[in-house]
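Engineer: predicted model and sequence follow; I will ask about them next.
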Amino acid sequence: DAKTTQPNSMESNEEEPVHLPCNHSTISGTDYIHWYRQLPSQGPEYVIHGLTSNVNNRMASLAIAEDRKSSTLILHRATLRDAAVYYCILNQGGSEKLVFGKGTKLTVNP
Amino acid sequence: NAGVMQNPRHLVRRRGQEARLRCSPMKGHSHVYWYRQLPEEGLKFMVYLQKENIIDESGMPKERFSAEFPKEGPSILRIQQVVRGDSAAYFCASSVTGLEADTQYFGPGTRLTVL
């Protein structure tokens, strides 16, 4: 399974932007980059995904490097509700399962 | 559109008993996935099913665990003769297709405690 590397933890202040990095140097051409998050005591929640181009939705933006070896999840204005573990996952072509790493634990300070 | 539903939310069993965990996918979704999260650990894939078929069970323990997704009704994850090490949160997810670009929607989980 393709591997991703994320910082163990990050901190942010409320209403400030947050940039969560992910390295995936062994990514292949057919791998989609997915981001999920897990709030305390809840199931994972889909955030965003992309293949090559940057993506925006109501929750976040995903910036993908030109060589696709890294990506950044951007929360434009962090709220206390955004405190969660964020997982960057490569979903390989032909593989349906999600392989979760340790993710980044985001703490949002009021 | 109701989300993925799992029941029970909490389940307590004694060692040696059976545990049955149920998952109702989102309406229109015919693909179901089960994941397990041991205490203080990440989520691990267990099994992927479509209606009446097991597609990938590479993450399932070889013994005591089984899963089904019948033509009618919810998907069931069954654990026979539970042991303390089975204590974990079990999450079910569903998707419209099984494609790598498809989003998986997760349920709230069943927290199994084995005494």
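Structural biologist: Sure thing, it's come through. Residues are numbered from 1 along each chain as shown, chains lettered A, B, ... in the order given.
Engineer: by proximity to chain A, which residue of chain B wins?
Structural biologist: B:Phe106 (3.6 Å; Cβ to the nearest Cβ). (C-beta placed from N, C-alpha, C; glycine too.)
Engineer: what strand or helix carries the nearest residue to that residue once chain neighbours are set aside?
Structural biologist: Nearest non-adjacent residue to B:Phe106, counting by Cβ to Cβ, 6 or more residues apart in numbering or on different chains: A:Gly43, 3.6 Å away. Here A:Gly43, judged by DSSP states H and E, is contained in no helix and no strand.
Engineer: distance from the helix or strand harbouring A:Tyr36 to the middle of the chain?
Structural biologist: Element membership for A:Tyr36, per DSSP H and E: strand A:32-38. The chain centre lies 5 Å from the centre of strand A:32-38; the measure is Cα atoms, centre = their mean, to the nearest Å.
Engineer: chain center to whichever helix or strand comes after it, what's the gap?
Structural biologist: Helices and strands here follow DSSP H and E; after strand A:32-38, the next one along the chain is strand A:45-50. In terms of Cα atoms, centre = their mean, the gap separating the centre of strand A:45-50 from the centre of its chain is 7 Å.
Engineer: check which helices and strands strand A:45-50 is in contact with.
Structural biologist: Secondary-structure packing of strand A:45-50 (3 or more Cβ pairs under 8 Å, 6 or more residues apart in numbering or on different chains; DSSP states H and E): strand A:32-38, strand A:61-64, strand A:70-75, strand A:84-91.
Engineer: residue numbers of chain B in contact with chain A?
Structural biologist: B:4, B:31, B:33, B:35, B:42-45, B:48, B:55-56, B:58-59, B:91, B:93, B:95, B:98-101, B:103-109 (Cβ under 8 Å from any Cβ of the partner chain).
Engineer: show me which of the residues you listed are buried.
Structural biologist: Buried subset of the residues of chain B next to chain A (neighbour count, 16 or more other Cβ atoms under 10 Å in any protein chain shown): B:4, B:31, B:33, B:35, B:42-43, B:45, B:48, B:56, B:59, B:91, B:93, B:95, B:98, B:100, B:104-109.
Engineer: and for the residue nearest to B:Phe106, the neighbour number?
Structural biologist: 22 (other Cβ atoms under 10 Å in any protein chain shown).
Engineer: surely it is in contact with B:Thr110?
Structural biologist: No. At 10.2 Å, A:Gly43 does not count as touching B:Thr110 under the criterion of Cβ atoms under 8 Å.
Engineer: not counting sequence-adjacent ones, nearest residue to the residue positioned nearest the centre of chain B?
Structural biologist: The centre of chain B sits closest to B:Trp34, judged by Cα atoms, centre = their mean, with a distance of 3.5 Å. Spatially, and ignoring its direct neighbours in sequence, B:Trp34 is nearest to B:Met46 (4.4 Å; Cβ to Cβ, 6+ apart).
Engineer: what's the helix or strand harbouring A:Thr107 packed up against?
Structural biologist: Here A:Thr107, judged by DSSP H and E, is contained in strand A:104-109. Judged by 3+ Cβ pairs under 8 Å, 6+ apart, the packing partners of strand A:104-109 are strand A:9-13, strand A:18-23, strand A:84-91.
Engineer: thanks a lot, catch you later.
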